[in-house]
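Novice: next one to model:
(chains A and B)
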Amino acid sequence: MTRLTALGTYLPVWGTDGARAAGPDEDVVTMAVAAGRAALADLTDAVVTRVVLVSRDLPLLEGGNSAPLLAGLGLPDDVHTVEQIGGAPALLDALAEADPGTLVIGADLAPAGAAAAYLGAEGVEISLTGRVVRSLPVRSRGEDGVRRNYEDPRLESVRGGDKAVTLLDLDTKPVVVAGVPAKHAATLTDGKPPALPVVGAAAALFAVAALEYVGDGGLVLAVEQASATAVTVSAVPRVRRDEATAIAVPRRTTTPGPDIAISLAAYERAFDSKLRWEAGRCDACGALALPPRFRCLECGSETGWSLSPLPRAGEVYTTVTVHVPVPGLPTPYSLAIVQLDGVEVRALVKVTGAPAGTTQIGDRGTLVLRRVAVRSGVPDYGYALLPQTAANEGETR
Amino acid sequence: MKRVAIVGAGMTVFKEHFDLGIKELVPMAVSEMASHVDKGLDRDDIQAAWFGELTTSDGFPSGILADSCGLLDIPVTRVENACATGNDAVRNATYAVGSGAVDVALVVGADKVRESSARSTFWEWASLTRDMAWDYPLGLVAPANFALHAARYLYESPATREHMAMVAVKNHKHALTNPKAQLRFEITIEQVLNAPMVVAPFGLYDCTPQSDGAAALLLVSEDVVDRYTDNPVWVRGVGLGMDRVMHQHKQDMTTFPPTVRAAKAAYAMAGITAADVDVAEVHDCFSAVELISYEDLGFAERFEAYKLVESGATTFGGSMPVNVSGGLKAKGHPPGATGVAQCVELFEQLRGDGNNQVDGARIGLAHNIGGPTAVAAVTILGNQKD
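Specialist: So this is what the prediction gives:
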């Protein structure tokens, strides 16, 4: 039995209520960070000792995605991190068996969404009710990560999910089902279960969060192909939703061209400041500089600096929108120089989560981790401005 | 410091020179310059050369100048200072001649922007001016670099996109009569405002074209000037100004401090003020940059640049003609060549045989601002020694 202290969810603004699409600057890592931050947002003294990220869409980086994940979450770089390839059942397995202090995150690309659960000493109880592991590989991935689909939904539901549920031999019917289409889920429950925005690993946590709509604890079932896991959740958990109101995916042009060059030496030097959103604070006078620099902007000291967290909110000082095709970057896109609140620091960033050209001088927003570009195959993470818009006001519902 | 005079000037046409490489354009400009030296030039007189080239086309720039122009016996120094390259090459040669180290110096500026594919040009040029980790991946294309300033300028000042358009219309009109100009056609304010957006607030006609070309000047000391001409143009002042490299570190983006610094140095050296300037070639890579530069150069009070285009003061025939050559906007902008070519234009104006000749022009000013808006150069020329 584990205790779920807090849940956080994240949905990209793009797409429809039924199916969100990741922005061109989002991937599993940035969405996992958004969900993880939502889960931890209201916990003042939560200590995270382990992070488990479950997804079938992990960026295929040798060396893994743990470093940007920890940096984006603001966690120390010695936290044990597990990147697990898996779907909804794998996530429920992780949830039911995690030690206190674990942050379990699921993230999916299509449809897009992420959710995170912090397991601590307090919170609703989660216990494993049953598990069945079988093989019916109707979807597979090649070495390049590209998905192949067997395309037989009847086979998948009859000999996959339905048979798995039969084998689980559950005493009661589930109240929420993750990992299968809504119609199929309805056949496995009494009445109409809450619809979930995703079907992969994150769906399992969206299912637990959906107990809010059920109004009580109950049996949560996760299915993937022919495997399934069921857990019993004692009560409605605490949920913080970072879910913007959906807006249509804007028309974007992608221009082929040569790879965008990267210097990994420069990448490595900038990493902590750039991904942790921390400025260099002058050891002599305390002035902040982003990026950190050898010689202080204010006092000229060259004695040293240390990283210092930056405010994550600010106001647009100037902004422009690039319409001309730029190879490797979807256009149009907006750039902004943001004056951060309460400090003498401005940041030059891209605008995210709002159609290009809709942000004006004086607008306010928050700074969020995004994939700024993919450079010669390397995801290059940094911060972007998420403007306060009507759609983004859906935040922290 | 000895006084320095320009006694010869020449340039190629600015255009997409797909048919000519840097090894052709450079000697063509030098030969045209030599042919314009009133009393002739023996190339053996040239004691040193400064070559402004922003990118490297076909390899080692200094060597290409020496090799392609038959100048193997003199030292050649390549100057690279973003879009201020050309006027900085002039500045370096001026110091060399002024110091007495050499009496005759060659200045060449050249660039071939259209040498790489349209798709690869952007990232190649971005790497010249952007922080590799922080700015480069954002896609801060060259127009965006200046548009960040223009957007704030439009926000704070009374100027509008119509005023920006007036700059483009004016400079296109000036280029009509310039045989060296790239865009020799008139445009209207409506065309500028309705053109496809490049980087808002810049539409297509707010932007300079991509150009290839070369320009050359011969700088000599006052000791030997009589050997070359009886009608020299004097280098009265030079200045170079810098600023913080990253836009996020620029306090006030409605002004270009490098221009203010470069102009202050050049005016002080020349012993003049902005009011003494009769004709100016001002960096108008994007329309709003010319407006902001009026203020930085002292031609207009802060946020009153729009009045100069509204009144026609900076149009040929007005009280303070700017970019009578067509400017970068219509004459073209091969960055290394641009500043040198501005001085070619002023050389002709101050000798009374310029395109759109300004009556009685005695003092001319050339100005560039470039890179991540972090460097500017100003050169002041005069047809009087003092």
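Novice: can you list the residues of the stretch 101-250 of chain B near chain A?
Specialist: Within the stretch 101-250 of chain B, the positions near chain A by CB under 8 Å from any CB of the partner chain are B:119-120, B:122-123, B:127, B:131-141, B:143-144, B:147-152, B:155, B:196-201, B:246-249. Yep, even glycine has a C-beta here, placed from its N, CA and C like the rest.
Novice: can I get the buried ones among those residues as something I can paste into PyMOL?
Specialist: Buried members of those, defined by 16 or more other CB atoms under 10 Å in any protein chain shown, are picked up in PyMOL with:
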select buried, chain B and resi 122+123+131+132+133+134+135+136+137+138+139+140+141+143+144+147+148+149+150+151+152+155+197+198+199+200+201+246+247+248+249
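Novice: do you know how far A:Ile105 is from A:Tyr118?
Specialist: A:Ile105 sits at a distance of 10 Å from A:Tyr118 (criterion: CB to CB, to the nearest Å).
Novice: next one: A:Arg364
Specialist: Distance of A:Arg364 to A:Tyr118, computed by CB to CB: 29 Å.
Novice: now swap in A:Arg3 and tell me
Specialist: On the measure of CB to CB, A:Arg3 and A:Tyr118 end up 10 Å apart.
Novice: comparing those two, which shows the higher neighbour count?
Specialist: Between A:Arg3 and A:Tyr118, counting by other CB atoms under 10 Å in any protein chain shown, A:Tyr118 is the more crowded of the two (26 against 17).
Novice: specify the beta-bridge partners of the more buried one.
Specialist: A:Ala6, A:Leu103 (DSSP bridges).
Novice: since we're on the residue nearest to B:Asn323 when sequence neighbours are not counted, how many residues are nearby?
Specialist: Excluding the flanking residues, the one nearest B:Asn323 by CB to CB, 6 or more residues apart in numbering or on different chains is B:Asn171, at 5.0 Å. Neighbour count for B:Asn171, taken as other CB under 10 Å: 29.
Novice: hang on, B:Asn171 in a helix?
Specialist: Yes. Under DSSP: H, G, I helix; E, B strand; the rest coil, B:Asn171 sits within a helix.
Novice: residue contacts, residue 175?
Specialist: In the absence of a named chain, this looks at chain A. A:189, A:193, A:211, A:214, A:216, A:218-220 (CB atoms under 8 Å, 6 or more residues apart in numbering or on different chains).
Novice: sorry, I should have been clearer: chain B.
Specialist: So B:Ala175 contacts B:181-184, B:325-327, B:329-331 (CB under 8 Å, 6+ apart).
Novice: can you give me the neighbour number for A:Glu393?
Specialist: Using other CB under 10 Å, A:Glu393 is surrounded by 11 other residues.
Novice: any idea how far the residue in chain B sticking out farthest from the centre lies from B:Ser31?
Specialist: Distance from the centre of chain B peaks at B:Ala133, with 30.0 Å (CA atoms, centre = their mean). Distance, B:Ala133 to B:Ser31, by CB to CB: 45 Å.
Novice: and if you look at B:Met1?
Specialist: Counting by CB to CB, the gap from B:Met1 to B:Ser31 is 30 Å.
Novice: show me which of the two is the more surrounded one.
Specialist: B:Ser31 (15 against 10).
Novice: which one is the more buried one nearest to, not counting chain neighbours?
Specialist: Nearest to B:Ser31 is B:Gly10, by CB to CB, 6+ apart, at 7.4 Å.
Novice: list the contacts for A:Arg159?
Specialist: Neighbouring residues of A:Arg159 by CB under 8 Å, 6+ apart: A:136, A:226.
Novice: does it fall in a helix, a strand, or a coil region?
Specialist: Applying three-state DSSP: A:Arg159 is helix.
Novice: over to B:Val26?
Specialist: Per three-state DSSP, B:Val26 ends up helix.
Novice: distance-wise, check it relative to chain A.
Specialist: Going from B:Val26 to chain A by CB to the nearest CB, to the nearest Å gives 28 Å.
Novice: rewinding a little: I figured the residue nearest to B:Ser31 hits B:Ala216, correct?
Specialist: Yes. The pair B:Gly10 / B:Ala216 is scored as a contact, 5.4 Å apart, by CB atoms under 8 Å.
Novice: comparing these two, which residue is more hemmed in?
Specialist: Neighbour totals were compared for B:Gly10 and B:Ala216, and B:Ala216 leads with 33 against 25 (other CB under 10 Å).
Novice: quick check: bridge partners of residue 241?
Specialist: I'll assume chain A. Beta-bridge partners, per DSSP bridges, of A:Arg241: A:Thr9.
Novice: try chain B instead
Specialist: Beta-bridge pairing for B:Gly241 (DSSP bridges): B:Ala376.
Novice: show me where the stretch 1-150 of chain B has its strands.
Specialist: Assigned by DSSP state E, counting those that start in this stretch, the stretch 1-150 of chain B shows strands spanning B:4-11, B:48-52, B:76-79, B:104-112.
Novice: next one: the stretch 1-150 of chain A
Specialist: For the stretch 1-150 of chain A, the strands defined by DSSP E, counting those that start in this stretch cover A:2-11, A:50-55, A:80-85, A:102-108, A:113-119, A:124-132, A:139-141, A:147-149.
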